[in-house]
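> Pasting the sequence and the predicted coordinates here, then a few questions.
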Amino acid sequence: MLGKKRISTSCDVVGALLASIEKEKNLDVRNLRALGFCLSNDLVHKALDIVYKKRISLVVAQPSGRHYFCVNSERKTRNPYICFHNYCSCFDFSREVMCGKKMFCKHMLAIRLASALS
């Protein structure tokens, strides 16, 4: 009798890639290419742009320690996007992520990358 093999979903693969980035505290070309393949190169580039331009702020409530992230918009006239671990206030999240077309919006991926690297 053959052993059962578990088929990896794209969520599993992306989770493993983010875990690898967090463990190594480094973004190497191999992981970036794999993320781009699983999600899209455009999404990964936009998320990295947010991270490298330091547009993410962590807000921690006292004394509870609850937290969320503010991601500043590219346009200075717009309000920041509010992001939790599994929610973002951007339009792309409600239009693409909630219905299952995408796994992340650029803001959520940027938060995951920034958290993995810090």
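Ah, there it is. Numbering: from 1, shown residues only.

> low-confidence ranges in this protein?
1-8 (pLDDT under 70).

> 80 instead?
1-10, 76-77 (pLDDT under 80).

> quick one, helices of it?
Using DSSP state H, the helices of the chain run over 10-24, 29-38, 41-52, 91-92, 106-117.

> Just list the residues touching the residue nearest in space to the middle of the chain, thanks.
With distances taken as Cα atoms, centre = their mean, Leu109 lies nearest the centre of the chain, 1.4 Å away. By Cβ atoms under 8 Å, 6 or more residues apart in numbering, Leu109 lies in contact with 39, 43-44, 47. Just so you know, the C-beta spots here come from the backbone N, C-alpha and C atoms, and that holds for glycine as well.

> run the last query once more with 7 Å
Residues near Leu109 by Cβ atoms under 7 Å, 6 or more residues apart in numbering: 43, 47.

> And it, how far from Leu43?
Note on Leu109: its distance to Leu43, by Cβ to Cβ, to the nearest Å, is 6 Å.
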